[in-house]
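# what would the 3D arrangement of this be:
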Amino acid sequence: MKIQSALYLVPVPISGAPVSDVIPAGNIEILRQLRHFIVENLRTARRYLRHVDPGFPISDCTFYVLDRHTSPLEVVHMLEPLRSGIPVGVMSEAGCPAVADPGSHPVEIAQREGLRVIPLVGPSSILMSLMASGFNGQGFSFHGYLPIDGTERRKALRRLESESVSRQMTQIFIETPYRNNRMVELLAESLAPSTMLCVACDITDPDKEEVVSASACQWKKRKYDFDKRPAIFLIYAGAKGGDSRRYEKK
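Numbering: from 1, shown residues only. Now for the predicted structure:
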């Protein structure tokens, strides 16, 4: 079936798991019909296309690189094929595009211009970590990276913990992988003893995936080694048990 003229948000794997385990077959069929791509990393994108289909006609494709160096005007021009009725795909370096990802910029422009946007199903480490944490999935917030400065970082953690208490929200953030162990140590020392902390590492990896939820007090006694591994951090200091709002149906 021929695909429609739209901006397709194309997820890619976030671990070494087999593509068939994390990406629906329908996504691959759509991918095979795309020839224009907005990508975060050209090499990663080409490698993925060849991985899902060794015969993929890379030489027939047009790639637009969207990263922190790309100007807003360049992003506007990337959608020219779509304005002419030609479908365009957006691919992140890993996971779902436009979620904590520069792919949100072309999506914003497409929506503003009334161009169709179609998100495809795929792995999101943020949502999958939340699912596995046991924390409140009804109210949550993602904050990206916390400040690097030690004083500002501690202030940010106190602010997130306070908001989790007052609004019963799960707070989610990430860290540079080589600093993961130091982050866990800081969290265990800074959070209230009963505040829950979840560390989710190597999501979707069949051999390495590890998701652990425990109180800050318990983390002080645990042995762990999360350094140099992709990880998501979640804290929850809201009401414990009996909170019906956590289980409202979507």
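
# which helix is the longest one in this structure?
The helix that spans the most residues within the chain, counting by DSSP state H, is helix 150-167.

# which residues does that one contact?
139, 141, 143, 146-147, 169-171, 173, 186-187, 190-192, 195, 235-238 (C-beta atoms under 8 Å, 6 or more residues apart in numbering). C-betas here are computed from N, CA, C, even on glycine.

# would you mark the buried spots in stretch 26-42?
Of the residues in stretch 26-42, those buried by neighbour count under the rule 16 or more other C-beta atoms under 10 Å are 27, 30-31, 34-41.

# got it, and stretch 152-168?
Buried residues in stretch 152-168, counting neighbours by 16+ other C-beta under 10 Å, are found at 153, 156-157, 160-161, 164, 168.

# which residue lies farthest from the center of the protein?
residue 84 (30.4 Å; C-alpha atoms, centre = their mean).

# list the contacts for that one?
Counting by C-beta under 8 Å, 6+ apart, residue 84 has no contacts.

# please tell me how far it sits from residue 35.
According to C-beta to C-beta, to the nearest Å, residue 84 and residue 35 sit 13 Å apart.

# next: residue 46.
Per C-beta to C-beta, residue 46 is found 13 Å from residue 35.

# what's the pLDDT at residue 23?
Note for residue 23: predicted pLDDT of 95.

# isn't it up against residue 10?
No. Residue 23 is beyond contact range of residue 10, at 9.1 Å (criterion: C-beta atoms under 8 Å).

# now do the shared contacts for those two.
What both residue 23 and residue 10 touch, as defined by C-beta under 8 Å, 6+ apart, is the set residue 122.

# of those two, who's got more company?
residue 10 (27 against 22; other C-beta atoms under 10 Å).

# wait, the more buried one sits on residue 120?
Yes. Here residue 10 reaches residue 120: they are 5.7 Å apart, a contact under C-beta under 8 Å.

# can you pull out the helices in this structure?
Under the criterion DSSP H, the chain contains helices at 19-22, 25-33, 42-52, 72-78, 80-83, 104-112, 125-133, 150-167, 180-190, 216-219.

# for the fourth one, packing partners?
For helix 72-78, the packing partners by 3 or more C-beta pairs under 8 Å, 6 or more residues apart in numbering; DSSP states H and E come out as helix 104-112.

# got the contact list for the helix it packs on?
With contact meaning C-beta under 8 Å, 6+ apart, helix 104-112 is reached by 7, 9, 38, 66, 72, 75-76, 78-79, 82, 88, 90, 98, 116-117.

# please apply the same query to stretch 197-215.
By C-beta under 8 Å, 6+ apart, stretch 197-215 touches 13-17, 21-22, 123, 125, 128-129, 132-135, 180, 184, 187-188, 191, 193-196, 216, 219, 222, 224, 226, 229-236.

# pLDDT on that stretch, on average?
Summarised as a single mean, pLDDT over stretch 197-215 is 97.

# so how far is that stretch from its chain's centroid?
15 Å (C-alpha atoms, centre = their mean, to the nearest Å).
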